[in-house]
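# Provided below are the primary sequence and the corresponding predicted coordinates.
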Amino acid sequence: MAINRKIYFAGSIRGGREDAEKYHQIINYLRSYGEVLTEHVGDDELLKQEKSLSEKEIHDRDMAWLTDCEYVVAEVTQPSLGVGYELAMALTMKKQVICFFHSGSGKRLSAMIAGQPYYKVKNYNEVSEIESYLREIF
Ligand code: 6K6
């Protein structure tokens, strides 16, 4: 495993947890390519521990991780203010950003993400497609 590569995974938390199982699977794929700093996003048990932190502690820690990482991988199907904020910050910090959108979801991705060419947005139908896409990137 390429331990040195730090990957920040972003996915909806308070925006809604409908896609949490997909986040879990994507994080498992990402583990082959580096250290995933935000494993709790795909793990409801780990997320419970986050509840002991203040809002400021969560924000400041996550921004420190974002600053530290090389890649940001986001699952953007479920709209989330936090994920949108992280993506905007990642652009400002010039991180490599890859976004995955579930095209069979019946949702439409925000134009503020879909219309920003800096973000590499990849549509998928099955989560398993993400594995081969990640293999190409890393
Ligand atoms: C646990 C259960 C409810 O709230 C928590 C603790 N909150 C968070 N813990 C860790 N990361 C968080 C938390 N809230 C937001 N984030 C970050 O923003 C994550 O890195 C996600 O990618 C993103 C989710 O934002 P929202 O707006 O959907 O919560």
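That came in fine, so what should we check first?

# what does this structure put close to the ligand?
10-15, 38, 40-41, 47, 50-51, 58, 62, 80-83, 86 (CB under 6 Å from any ligand atom). Every residue, glycine included, has its C-beta placed from N, CA and C.

# Among the residues you listed, name the buried ones.
A10, G11, S12, I13, T38, H40, V41, D62, S80, G82, V83, E86 (16 or more other CB atoms under 10 Å).

# Partner strands of the longest strand along the chain and their direction?
Using DSSP state E, we find that the single longest strand of the chain is strand 96-102. Using DSSP bridges, strand 96-102 pairs in its sheet with strand 71-75 (parallel), strand 120-124 (parallel).

# List the buried residues for it?
Quick answer for strand 96-102 (16+ other CB under 10 Å): V97, I98, C99, F100, F101, H102.

# one step back: could I get the strands paired with strand 96-102 as a markdown table with mean neighbour count?
As requested, the strands paired with strand 96-102 are exported to a markdown table (neighbours: other CB atoms under 10 Å):
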| stretch | mean neighbour count |
| --- | --- |
| strand 71-75 | 25 |
| strand 120-124 | 16 |
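
# so can I have JSON lines of those strands showing mean pLDDT and distance to A111?
Listed next are these as JSON lines, based on pLDDT from 0 to 100; distance: least, CB to CB, whole Å:
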{"stretch": "strand 71-75", "mean pLDDT": "98", "distance to A111": "16"}
{"stretch": "strand 120-124", "mean pLDDT": "97", "distance to A111": "11"}
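
# possible to save these as CSV with distance to T92?
Formatted as CSV, the strands paired with strand 96-102 follow (distance: least, CB to CB, whole Å):
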stretch, distance to T92
strand 71-75, 12
strand 120-124, 17
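
# Where does pLDDT dip in this protein?
Residues of the chain meeting the criterion pLDDT under 70: 1-3.
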